[in-house]
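> Quick one, structure for this:
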Amino acid sequence: MRDYFSVIKKYADSEGRARRQEYWMFCLMNALISYLFFFMGEAINDDYALFAVYTSLTVIPSLMVTVRRLHDTNRSGWWMLVAFVPVIGAIIGLSVMMEAGTSGENDYGPDPKAVPALI
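Predicted coordinates for the structure are as follows:
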C-alpha cells in the first residue's frame, strides 16, 4: 500500500525515477481496486459509475509512474508510445518495465535504491 500511496502523492510528477517495486505494486493495487469497484457496480447495478470514476482519477498517476519507471531505465517517457505498435509494442513495453533500473545516477536523477525512503 505504501507504494500505491506514494504514486498517488506524486499525482502529476514526471520528474525522477520509480523503482520496479513501486511501479508493479501500484499496478497490482490499481488492478485490485479497479476490480473491486467493477464488481461493486455489478452488485448494486449502477452501470459501472464507480469503476469509471476511479479509473478516470487514476489515469494521470498511472501515466506518470510509467514515465518515472522509464526514467529509471534511462529512457525517455516518449517510450510509452511503443505500446501503439501492434503486438510487438506490448512485448517490448513489458520487457522494458521488467528491466532492472540503471544503478547509480543517470540522466533523470539519483538511484532510488540509494536514496533512503522518506515514508
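
> elements contacting the least confident helix or strand in the chain by mean pLDDT?
Lowest by mean pLDDT, DSSP states H and E among the helices and strands of the chain is helix 2-9, with a mean of 89. With contacts taken as 3 or more C-beta pairs under 8 Å, 6 or more residues apart in numbering; DSSP states H and E, helix 2-9 sits against helix 20-44, helix 49-72. Bear in mind the C-beta positions are built from the backbone N, C-alpha and C, glycine included.

> Can you point out the buried residues in it?
In terms of neighbour count (16 or more other C-beta atoms under 10 Å), helix 2-9 has its buried residues at D3, Y4, S6, V7.

> again with stretch 95-107
Buried residues in stretch 95-107 (16+ other C-beta under 10 Å): V96, M97, G101, T102, N106.

> same thing with stretch 63-74?
For stretch 63-74, by 16+ other C-beta under 10 Å, it's M64, V65, T66, V67, R68, R69, L70, H71, D72, T73.

> What lies in contact with it?
7, 10-20, 22-23, 26, 76-77, 79-80, 96-97, 99-102, 106-109, 112 (C-beta atoms under 8 Å, 6 or more residues apart in numbering).

> returning to what we had before: want to throw the helices and strands packed on helix 2-9 into JSON lines with mean pLDDT and distance to I88?
Listed next are the helices and strands packed on helix 2-9 as JSON lines, based on pLDDT from 0 to 100; distance: least, C-beta to C-beta, whole Å:
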{"stretch": "helix 20-44", "mean pLDDT": "93", "distance to I88": "21"}
{"stretch": "helix 49-72", "mean pLDDT": "94", "distance to I88": "17"}
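
> from those, which stretch is densest packed?
helix 49-72 (a mean of 18; mean count of other C-beta atoms under 10 Å).

> For the helix or strand that that helix is followed by, name the packing helices and strands.
Of the helices and strands lying after helix 49-72 in sequence (DSSP states H and E), the nearest is helix 88-98. If you count contacts as 3+ C-beta pairs under 8 Å, 6+ apart, helix 88-98 packs onto helix 20-44, helix 49-72.
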